[in-house]
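**Q** return atomic coordinates for the entry below.
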Amino acid sequence: MNSNTSSRTSTSDINRFALPFFFVLLYGSGFVGAKLGLPHSSPLSFLTLRFFAAGILLFFIAYWFGEQRPSWRDTVHIAIAGTLTVCLFSIGVFVSIDMGLTPALSALIIALQPILVALFAQTLINEKMNSSQWLGLFCGFLGVAVVVSQSIETGPFSWVAIGMSVLALLGVTFGSLYQKRFCQNMALFSGGAIQSLTSAFICLLLLPFFDVFDVVLTSEFIIALVYMTVGVSLGALSLLYLMIRRGEVSKVASVFYLTPVSAAVSAYLLFGDTIEETTLLGASIIALGIFLTNRKS
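**A** Residues are numbered from 1 along each chain as shown. Modelled structure (predicted):
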């Protein structure tokens with residue numbers, strides 16, 4: 001009995017650390033994928049192709065594993081969650097960067113997500129936070145500010161670009177809460193297919209009004225599209241939904257603080273960007289914040 005209990009505990013601990021690690025690795029490097037692909041495509045063109053490809057891929061994976069089709073009621077909930085978490089977030093980030101907002105400033109705005117999630121989780125899904133966990137969330141935000149401090153450029157900026165990053169922030173915040181509240185038992189692949197295809201349809205509808213279909217089929221674009229489709233839409237988002245299903249959404253949100261660190265490391269490996277000392281200092285502060293947020297009371 002003790003041996004079985006110990007084995008289950010060990011497996012649980014591995015999953016508790018492995019899922020966030022791989023999520024941060026895949027999700028953070030997605031910013032690098034955007035940097036690689038956007039010079040060869042307009043934002044909505046890239047997102048339409050990415051979401052359509054991801055939706056088709058997830059549909060066939062769901063069919064292969066024999067996942068049941070969700071009810072119409074569940075399908076609507078899944079589509080709404082995907083519109084917020086996947087579509088609005090991606091549009092906001094991609095368009096704001098395309099409009100000239102630095103990725104560092106965009107990352108700092110998005111870093112407010114764990115704090116907003118914790119605030120609204122108290123009233124919307126009755127998740128409570130203690131003082132140590134709140135301290136952890138603010139430590140995490142401070143850490144992100146330190147990480148991106150060297151990359152934030154001063155000078156004129158577009159309030160519309162700022163607004164698009166805020167839209168991304170609100171999308172991923174309320175999308176995570178909606179996912180936790182209404183899509184707790186969503187099948188990963190069929191649900192992911194619904195969310196991706198819904199997002200593709202929305203981007204396609206917006207394309208004639210806010211963008212033009214503009215794609216140059218270079219090797220960099222194809223690599224970026226494949227990675228964002230498989231690595232982020234299939235890999236990272238599936239891990240995110242698993243973590244939301246298994247844990248408190250406010251604690252899950254805290255791992256978002258590490259995505260700028262993952263992006264910095266990915267940029268160093270792929271583009272030779274410099275890792276500043278402030279990145280290491282900020283990562284240490286973020287690690288402390290995540291520890292405080294997730295430790296058992």
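
**Q** what about the stretch 51-200 of the chain, any weak spots by pLDDT?
**A** 104, 151-157 (pLDDT under 70).

**Q** and the strands in the stretch 101-250 of the chain, which stretches?
**A** Assigned strands in the stretch 101-250 of the chain: none (criterion: DSSP state E, counting those that start in this stretch).

**Q** which residues in the stretch 1-150 of the chain form helices?
**A** Secondary structure of the stretch 1-150 of the chain by DSSP state H, counting those that start in this stretch: the helices cover 2-37, 43-64, 72-82, 89-98, 103-110, 113-124, 131-148.

**Q** just name the most buried of those.
**A** helix 89-98 (a mean of 24; mean count of other Cβ atoms under 10 Å). Every residue, glycine included, has its C-beta placed from N, CA and C.

**Q** tell me the contacts of the residue lying closest to residue 77 once chain neighbours are set aside?
**A** The shortest distance from residue 77 to any non-neighbouring residue, by Cβ to Cβ, 6 or more residues apart in numbering, is to residue 182 (4.1 Å). For residue 182, the contact set (Cβ atoms under 8 Å, 6 or more residues apart in numbering) comprises 77, 80, 81.

**Q** and what of residue 33?
**A** Residue 33 makes contacts with 224, 227, 228, 231, 232, as judged by Cβ under 8 Å, 6+ apart.

**Q** would TSV of these with neighbour count and pLDDT be doable?
**A** Putting the contacts of residue 33 into TSV (neighbours: other Cβ atoms under 10 Å; pLDDT from 0 to 100) gives the following:
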residue	neighbour count	pLDDT
224	24	92
227	21	91
228	26	92
231	16	91
232	22	91
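
**Q** narrow these to those in helices?
**A** If you go by DSSP state H, these have 224, 227 in helices.

**Q** rewinding a little: any idea how far residue 175 is from the residue nearest to residue 77?
**A** 11 Å (Cβ to Cβ, to the nearest Å).

**Q** got any residues that touch both of those two?
**A** What both residue 182 and residue 175 touch, as defined by Cβ under 8 Å, 6+ apart, is the set residue 81.

**Q** and the gap between residue 25 and residue 176?
**A** Distance, residue 25 to residue 176, by Cβ to Cβ: 19 Å.

**Q** likewise residue 241?
**A** Per Cβ to Cβ, residue 241 is found 10 Å from residue 176.

**Q** residue 34 too?
**A** Separation of residue 34 from residue 176 (Cβ to Cβ): 20 Å.

**Q** kindly report the same for residue 221.
**A** 30 Å.

**Q** re earlier: distance to residue 198 added to the helices of the stretch 1-150 of the chain, as JSON lines?
**A** Listed next are the helices of the stretch 1-150 of the chain as JSON lines, based on distance: least, Cβ to Cβ, whole Å:
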{"stretch": "helix 2-37", "distance to residue 198": "19"}
{"stretch": "helix 43-64", "distance to residue 198": "8"}
{"stretch": "helix 72-82", "distance to residue 198": "4"}
{"stretch": "helix 89-98", "distance to residue 198": "12"}
{"stretch": "helix 103-110", "distance to residue 198": "22"}
{"stretch": "helix 113-124", "distance to residue 198": "21"}
{"stretch": "helix 131-148", "distance to residue 198": "30"}
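
**Q** so which of these is nearest residue 161?
**A** Nearest to residue 161 among those is helix 89-98 (4.6 Å), distances taken as Cβ to Cβ.

**Q** quick one, the closest one and helix 103-110 angle?
**A** On the basis of axes from the mean of the first three to the mean of the last three Cα atoms, to 10 degrees, helix 89-98 is oriented at 140 degrees to helix 103-110.

**Q** packing partners for helix 89-98?
**A** The elements that helix 89-98 packs onto, with contact taken as 3 or more Cβ pairs under 8 Å, 6 or more residues apart in numbering; DSSP states H and E, are helix 2-37, helix 43-64, helix 103-110, helix 159-182, helix 188-210.

**Q** again, only this time at 7 Å
**A** helix 43-64, helix 103-110, helix 159-182 (3 or more Cβ pairs under 7 Å, 6 or more residues apart in numbering; DSSP states H and E).
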